[in-house]
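In: With the input below, show me the fold.
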Amino acid sequence: MPRKDITELRSQRWFASSDMRGFAHRQRTQQMGLRREEFLGKPVIAILNTWSDMSPCHAHLRDRAEAVKRGVWQAGGYPVELPVLSVGEVMVKPSTMLYRNFLAMEAEEVLRSHPIDGAVLLGGCDKSTPALLMGVISMDIPAIFCPAGPMSSGQWRGTKVGAGTHTKKYWDEYRAGGISEEDWIDLESRMTRSFGTCNTMGTASTMTSIADAMGMCFTGASSIPAADSGHRRMASACGARIVDMVWQDLKPSDILSRQSFENGLAAYMALGGSTNAAVHLVAMARRAGVDLSLDDMAAVSAKVPVLANLFPSGTCLMEDFYFAGGLAALLKNLAPHLHLDARTVEGRSLGEAIETAECYDADVIRPLDNPVVPLEKGRTLVVLKGNLAPDGAVMKSSAASGNLLKHKGPAVVFDSPAEMRARIDDPDLDISAESVLVLRNAGPVGAPGMPEWGNLPIPKKLLAKGVRDMVRICDGRMSGTHYGTCILHVAPEAAVGGPLGLLQTGDIVSLDVAAGRLDMEVDAEEIERRRAAWRPATPLYERSFAALYQRHVSQADKGCDFDFLAAPGVVPEPEIF
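Out: Numbering: from 1, shown residues only. Model (predicted):
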C-alpha cells in the first residue's frame, strides 16, 4: 500500500508549524520530559485505556498499555495513553448499557480533540468493545482493538465453574436449599481466579470475538487468556502494527463492510454468543453506514449452528477454547459461511489469516457436521414478532428449555424490579410452572439504560418443586452468561407505549419459537381500549446524562444509539488558533 508522508498526518497540524501555537504544543510536550527527537516527525498513537480499580475485567490494562507503548516506540511512533470511561460490568449501576454511548462519544471526541494519528483500543468487558469501536468508526482514523482477554478457568469441588453462568445456577440452588450458606460463601472466591473478562461465552467474549471476526484485531487475539504471557506480547504487537496502519492510512472505513459484519454475525452464531450482541451490532453497523437488521441476524442464525462447546450453551470455558485453537480455528471450520476476502487490520484477508489455523480438540470446537446444538434443537438468536413485540424481541433458544419453545400460559406482570423482588417469593403469589413471568419498564427509556434484568428469578415455592426454568419476558436485557427461556429486548418497550405496557396479569401469552411469534391472546378492541387509557410515567431524571439518554436513545431493534450520533453528518477537524 502507498505510504503517507509525515506532512499528511493530522498530528502535524499541532506540532509542525513555526508559529506560537506550534511552539506551545512542542513546549508542553517537552514539559513531559520528552526530547524533541522522541516525538517530532513521528505518528502520534493514542492508547485509549478503560482501566479502572472498579473493573476487575480490566485490572491488567495498565500493564498492557505499557506493552503497547513498547511496540509503538519500536515501530517509530510516539505513544500517548489517554484514559477513557471504564464501563466494567457488575459494579456500574443501574447498567453499563446506560454509559455505552457515553464511552462511544468520549472515544470519538478524545481522538478528535487531540493530535492523534492512530489508536489502540484497550477494552473487553461487555460494553467497552462496542463503545470503543463505535467511537473510532465515527472518527475514522487508523485503529486496532486490543481485547482484554478472558479470565482463567475456575473450579469448585472438582466441577468447572464459569463466572455468571454458575452464579445464577448456584443462586437458585441456594434459594432452593440445595447448597448451604457456607457453600455459597466458599463459591465467592472460587469462580473468578484472575483478572480478565468472564470465562464463559458471555457478552464480553461474544463482542471481542465479533470484533476479531470483523477484522478489527489480530485474528485470534480475542481468545488469548488475560493472564497468559502471550497476551502481553499481543498488546506489544498491536502497538507496532498501528504505526504501520497510520503510514498505510488503513482506517475502519477500509475494513468494515457489509461482508465484514456478516463475518461477525457468522462467528456470533457459531459461538452461541450473547443476545446483547444484537443491540451492539446494529449500533456499530449504523455508525459504519451498513444497514443491518434483526431479520438479517435471524437469517444467519438459521444457517449457522452453535459450534463452540462453551457455557452457557455448552460445557467448557474460554481457556479450553483457547487451547483447542481459539477463534481462528472456529473461523476455519466456519469458512463456508464467511467472506474470506474481507480485509483485516493485519493488512491481509481473513482467509489468509486463518489459512494455517488448526483445531486441537474437536469436542470444544466442533465441525459444521457435529454442532453442539443442531439447528433443529436451538439457535443462538431467534427473533420473535407479534402483537406483544411488533418491532421484535430476541431469545437464545440454544440455551432455553426445549419443552418451553411452544408454550401458552397466564402472565404474571411486574412493573419494576423492586415490585418483583417484593412479591416473587410470596407464598400467596398466584403462579405455577405454566405461568409467564413478565418484567417491564426495563428498556432503554424506561429503566433507563436497558439493564440486565431479563433473567427473572424463579419463585422460591416453584424452585422447591424442582422448577428451574419458565418462560420469562422483559423489555430489558440479560447477561450473556445466563441461560433459560428468556425473551428479551421487546420493542417497542413498555415505557414508550409498546404493547408490553398494556399486558395485564392473567392475560394468556402465546410463544411459538418455530413460527417466530410472541403474542397476547387479547382481542384487538380490548388492546386499543387499554392503549387509549395508557399514560407514560413521569421521567425519573430531570438532568444528568441519564436525562440526555432518555431523550435521544433509540429502541433496541435500532441499536440503542443516540439519534444525533447514529445519523451521518459532517464533523470538522478542530481549528487551531
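
In: Just the helices from the stretch 251-400 of the chain, written as ranges.
Out: 252-255, 258-271, 276-287, 294-301, 318-323, 326-333, 350-354 (DSSP state H, counting those that start in this stretch).

In: in the fourth one, what counts as buried?
Out: In other words, helix 294-301. 294, 296, 297, 298, 300, 301 (16 or more other Cβ atoms under 10 Å). Yep, even glycine has a C-beta here, placed from its N, CA and C like the rest.

In: what's the answer for the fifth one, then?
Out: Of the residues in helix 318-323, those with enough neighbours to count as buried (16+ other Cβ under 10 Å) are 318, 319, 320, 321, 322.

In: now the shortest one
Out: Judged by neighbour count (16+ other Cβ under 10 Å), helix 252-255 contains these buried residues: 252, 254, 255.

In: State the pLDDT value of the second one.
Out: Okay, so that is residue 254. pLDDT for residue 254: 98.

In: contacting residues around it?
Out: For residue 254, the contact set (Cβ atoms under 8 Å, 6 or more residues apart in numbering) comprises residue 343.

In: Near residue 551, how many other residues are there?
Out: Residue 551 has 13 neighbours, counted by other Cβ atoms under 10 Å.

In: Return the member of the buried residues of helix 318-323 nearest to residue 4.
Out: residue 322 (36.1 Å; Cβ to Cβ).

In: which residues touch the closest one?
Out: The contact partners of residue 322, taken as Cβ under 8 Å, 6+ apart, are 150, 223, 224, 225, 228.

In: Also residue 261?
Out: 214, 281, 284, 285, 288, 290, 292.

In: what about the nearest residue to residue 245 once chain neighbours are set aside, neighbour count?
Out: Nearest non-adjacent residue to residue 245, counting by Cβ to Cβ, 6 or more residues apart in numbering: residue 142, 4.0 Å away. Counted with other Cβ under 10 Å, residues neighbouring residue 142 total 28.

In: cool, and the one 4 residues further on?
Out: Applying the criterion other Cβ under 10 Å, we find 33 residues in the vicinity of residue 146.

In: Mind listing the residues bridging to it?
Out: residue 122 (DSSP bridges).

In: hang on, the earlier thing: for the buried ones among the contacts of residue 261, write the corresponding PyMOL selection.
Out: Selecting the buried subset of the contacts of residue 261 in PyMOL, with 16+ other Cβ under 10 Å as the burial test, is done by:
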select buried, resi 214+281+284+285+288+290+292
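
In: Closest one of the contacts of residue 261 to residue 401?
Out: Looking across the contacts of residue 261 and measuring by Cβ to Cβ, the closest to residue 401 is residue 281, at 26.2 Å.

In: what pLDDT does the nearest residue to that closest one once chain neighbours are set aside get?
Out: In space, and not counting its chain neighbours, residue 281 is closest to residue 292: 6.2 Å by Cβ to Cβ, 6+ apart. Residue 292 is assigned a pLDDT of 98 by the prediction.

In: what helices or strands is the lengthiest helix in the chain leaning on?
Out: For the chain, the helix that runs over the most residues, judged by DSSP state H, is helix 229-248. Judged by 3 or more Cβ pairs under 8 Å, 6 or more residues apart in numbering; DSSP states H and E, helix 229-248 is in contact with strand 44-49, helix 61-74, strand 118-123, strand 143-147.

In: rerun at 7 Å
Out: helix 61-74, strand 118-123, strand 143-147 (3 or more Cβ pairs under 7 Å, 6 or more residues apart in numbering; DSSP states H and E).

In: Distance to residue 420 and mean pLDDT added to these, as a markdown table?
Out: Formatted as a markdown table, those follow (distance: least, Cβ to Cβ, whole Å; pLDDT from 0 to 100):
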| stretch | distance to residue 420 | mean pLDDT |
| --- | --- | --- |
| helix 61-74 | 36 | 98 |
| strand 118-123 | 32 | 99 |
| strand 143-147 | 35 | 99 |
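
In: Dump the ones you listed to CSV, plus distance to residue 157.
Out: Below are these laid out as CSV (distance: least, Cβ to Cβ, whole Å):
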stretch, distance to residue 157
helix 61-74, 32
strand 118-123, 34
strand 143-147, 31
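
In: Of all the ones you listed, which one is nearest residue 576?
Out: Closest approach to residue 576 among those (Cβ to Cβ): strand 118-123, 19.5 Å.

In: ok, and what's touching that closest one?
Out: For strand 118-123, contacts defined as Cβ atoms under 7 Å, 6 or more residues apart in numbering pick out 43, 45-50, 61, 64-65, 68, 111, 129, 132, 136, 141-146, 148, 238-239, 242, 245-246.

In: list the contacts for residue 145?
Out: 121, 132, 133, 211, 216, 217.

In: can I get the residues you listed in TSV with neighbour count?
Out: Listed next are these as TSV, based on neighbours: other Cβ atoms under 10 Å:
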residue	neighbour count
121	29
132	30
133	28
211	26
216	29
217	28
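
In: Now for those: which two are most distant?
Out: The most widely separated members of these, counting by Cβ to Cβ, are 132 and 217 (11.1 Å).

In: on that earlier part again, greatest separation within the buried residues of helix 294-301: which pair is it?
Out: 294 and 300 (11.0 Å).

In: show me where the stretch 451-577 of the chain has strands.
Out: Ranges of strands in the stretch 451-577 of the chain, per DSSP state E, counting those that start in this stretch, are 471-474, 486-491, 508-512, 517-520.

In: Okay, now the sheet partners of the longest one, with direction.
Out: When you say that, I think you mean strand 486-491. Strand 486-491 pairs in its sheet with strand 389-395 (antiparallel), strand 471-474 (parallel), by DSSP bridges.

In: low-scoring stretches of this structure, by residue?
Out: 1 (pLDDT under 70).

In: Name the single longest strand found in it.
Out: strand 406-414 (DSSP state E).

In: Could I get the CA-only coordinates of it as CSV?
Out: Only the C-alpha atoms of strand 406-414 are listed here, as CSV (Å, rounded to 0.1, in the frame of the first residue of the first chain):
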residue,chain,number,x,y,z
LYS,A,406,-44.0,-23.6,22.3
HIS,A,407,-46.0,-22.5,25.3
LYS,A,408,-49.1,-20.8,26.4
GLY,A,409,-49.7,-19.5,29.9
PRO,A,410,-51.1,-16.7,32.1
ALA,A,411,-49.0,-13.7,32.5
VAL,A,412,-47.7,-12.6,35.9
VAL,A,413,-46.7,-9.0,35.4
PHE,A,414,-44.2,-6.8,37.4
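
In: Give me the contacts around the helix or strand just after that strand.
Out: Using DSSP states H and E, the helix or strand that follows strand 406-414 in sequence is helix 417-423. Around helix 417-423, the neighbours that count as contacts under Cβ under 7 Å, 6+ apart are 414, 429, 439, 453, 456.

In: And the furthest pair within those residues?
Out: Going by Cβ to Cβ, the pair spanning the contacts of helix 417-423 furthest: 429 and 453, at 18.4 Å.

In: Of the two, which one has the most company?
Out: The residue with more neighbours, out of residue 429 and residue 453, is residue 453; 24 against 14, by other Cβ under 10 Å.
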